[in-house]
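[1] Requesting a structural model of the entry that follows:
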Amino acid sequence: MAFRNALNAFLFRGKYSLWAQMGLALLIMLLLFIVPLVWLFVVSLWEYNSSGVLAATRPVLENYGKFFTPFYSAVAFRTVRLGLLTTTIALLLGYPLAYILSRSRIRYKNIIIFILLTPLFVSVTVRVFGWEIILEHSGLINYLLTSAGLIAEPIKFLRTPVAVVIGLVNSQLTFMVMPIFSALESIKPSQEEAAQTLGANPVITWFRITLPLSIPGVLAGWTLVFMMSIASYVQPAVLGGANYFVMSTVLRSQIHGTLNWPFAAACGFVLLAIGLIAIYIPTWLVRKTIGANLERGEE
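    Have a look, this model is predicted:
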């Protein structure tokens, strides 16, 4: 009790309570994020040979140099392409859904939100195996297409990039919809009504008012979906098959297969760099566009 009271006074009532709270937050960040990343970077500079991992007496960059080989360059490119395709499809599907959700009545809004959150109640592994049953040669989709006479023979969906994208979009769509919905909810209806009162039709109102004000939600959804897509393992491994290599499957094979931890650590940092670049480019483009529009408006 005495310790709890002292801690409470130090963090919330003391003269230096603000500094104490900031220090506690920084300590948590340091222990849970910074230290593991620094240690992972140190491991990525170690050497590896057939007998095992050797802690290097001097840093070596051989693990990072492997990405310039054709195989790993192709894997990195495939990972980026998969992430961009998944994020783009999720955005095209998620923005209209978020817009409808933000303009719905409260009763229907709660129902739609519940439906959106329902898939998160089930493990991603279970959902992916469900898609495997649906997409297989004799699965539900091929059965419906052949029964309707649209195709003569079943189409191969499983073990293809199409199946991986379908599984990823299904898993990540909620993380695209909710940030956009939150941004759209913050837009006052009076702003759109004012634009229409001044003569703007609904399309122009959406382009000039709604879309720019919802950009923060779009960027947040883009960041979440892209980062989770390029780091996902279950969908590429199950729906893509053993021969569909992305960064996550390469990481798994290096850690559990060859036990090449230094190269796996280097793969992790390359994946982190890819994600940061993919986040920075859209943000930079949006800032440049908004800045150009502001300058045009001032003129």
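[2] As a check, name the ranges of all strands in the chain.
    Taking DSSP state E, the strands of the chain run over residues 47-49, 52-54.
[3] weakest of these by average pLDDT?
    If you rank the strands of the chain by mean pLDDT, strand 52-54 sits at the bottom with a mean of 70.
[4] how deep is residue 275 tucked in, by neighbour count?
    For residue 275, the number of neighbouring residues by other Cβ atoms under 10 Å comes to 19. For glycine as for every other residue, the C-beta is placed from the backbone atoms N, C-alpha and C.
[5] That one: what's it in contact with?
    Taking Cβ atoms under 8 Å, 6 or more residues apart in numbering as the criterion, residue 275 is in contact with 226-227, 230-231.
[6] one more time with 10 Å
    Counting by Cβ atoms under 10 Å, 6 or more residues apart in numbering, residue 275 touches 80, 83, 223, 226-231.
[7] for this protein, which residue is closest to the average position?
    Against the mean C-alpha coordinate of the chain, by Cα atoms, centre = their mean, the closest residue is residue 225 at 2.5 Å.
[8] Next up, the contacts around that residue.
    When the contact criterion is Cβ under 10 Å, 6+ apart, the partners of residue 225 are 83, 86-91, 94, 168-169, 171-176, 179.
[9] just checking, residue 250 touches residue 72?
    Yes: applying Cβ atoms under 10 Å as the test, residue 250 and residue 72 come out as touching, 7.3 Å apart.
[10] if I look at the two, which residues touch both of them?
    Common neighbours of residue 250 and residue 72 (Cβ under 10 Å, 6+ apart) are 263, 267.
[11] would you list every one of the helices in the stretch 51-200 of the chain?
    With helices called from DSSP state H, counting those that start in this stretch, the stretch 51-200 of the chain shows them at 62-65, 70-102, 106-117, 124-135, 140-147, 161-185, 189-197.
[12] Buried ones in the first one, by neighbour count?
    Taking 16 or more other Cβ atoms under 10 Å as the basis for neighbour counts, the residues of helix 62-65 that come out buried are 63-64.
[13] Give me the helices and strands touching that helix, please.
    Using 3 or more Cβ pairs under 10 Å, 6 or more residues apart in numbering; DSSP states H and E as the contact test, the elements touching helix 62-65 are helix 35-44, strand 47-49, helix 261-298.
[14] Mind exporting the C-alpha coordinates of it to PDB?
    In PDB, the C-alpha atoms belonging to helix 62-65 read as follows (Å, rounded to 0.1, in the frame of the first residue of the first chain):
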ATOM      1  CA  GLU A  62      27.500 -10.100 -46.500                       C
ATOM      2  CA  ASN A  63      24.000 -10.800 -45.200                       C
ATOM      3  CA  TYR A  64      22.700  -7.500 -46.700                       C
ATOM      4  CA  GLY A  65      24.600  -8.100 -49.900                       C
END
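[15] circling back: now tabulate the helices of the stretch 51-200 of the chain in JSON lines and tack on mean pLDDT and distance to residue 285.
    As requested, the helices of the stretch 51-200 of the chain are exported to JSON lines (pLDDT from 0 to 100; distance: least, Cβ to Cβ, whole Å):
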{"stretch": "helix 62-65", "mean pLDDT": "84", "distance to residue 285": "28"}
{"stretch": "helix 70-102", "mean pLDDT": "91", "distance to residue 285": "14"}
{"stretch": "helix 106-117", "mean pLDDT": "81", "distance to residue 285": "28"}
{"stretch": "helix 124-135", "mean pLDDT": "89", "distance to residue 285": "31"}
{"stretch": "helix 140-147", "mean pLDDT": "88", "distance to residue 285": "37"}
{"stretch": "helix 161-185", "mean pLDDT": "91", "distance to residue 285": "18"}
{"stretch": "helix 189-197", "mean pLDDT": "78", "distance to residue 285": "24"}
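[16] Please identify the most buried of the ones you listed.
    Comparing the helices of the stretch 51-200 of the chain on average neighbours per residue, with mean count of other Cβ atoms under 10 Å, the densest one is helix 161-185 at a mean of 22.
[17] Helix 140-147 and that one, what's the angle between them?
    Counting by axes from the mean of the first three to the mean of the last three Cα atoms, to 10 degrees, helix 161-185 lies at 110 degrees to helix 140-147.
[18] between helix 161-185 and helix 106-117, how big is the angle?
    Comparing the axes of helix 161-185 and helix 106-117 via the same axes, to 10 degrees yields an angle of 150 degrees.
[19] so helix 161-185 versus helix 124-135, what angle?
    Here helix 161-185 runs at an angle of 120 degrees relative to helix 124-135 (the same axes, to 10 degrees).
[20] of all the helices of the stretch 51-200 of the chain, which lies closest to residue 277?
    In terms of Cβ to Cβ, the element of the helices of the stretch 51-200 of the chain nearest to residue 277 is helix 70-102, at 9.1 Å.
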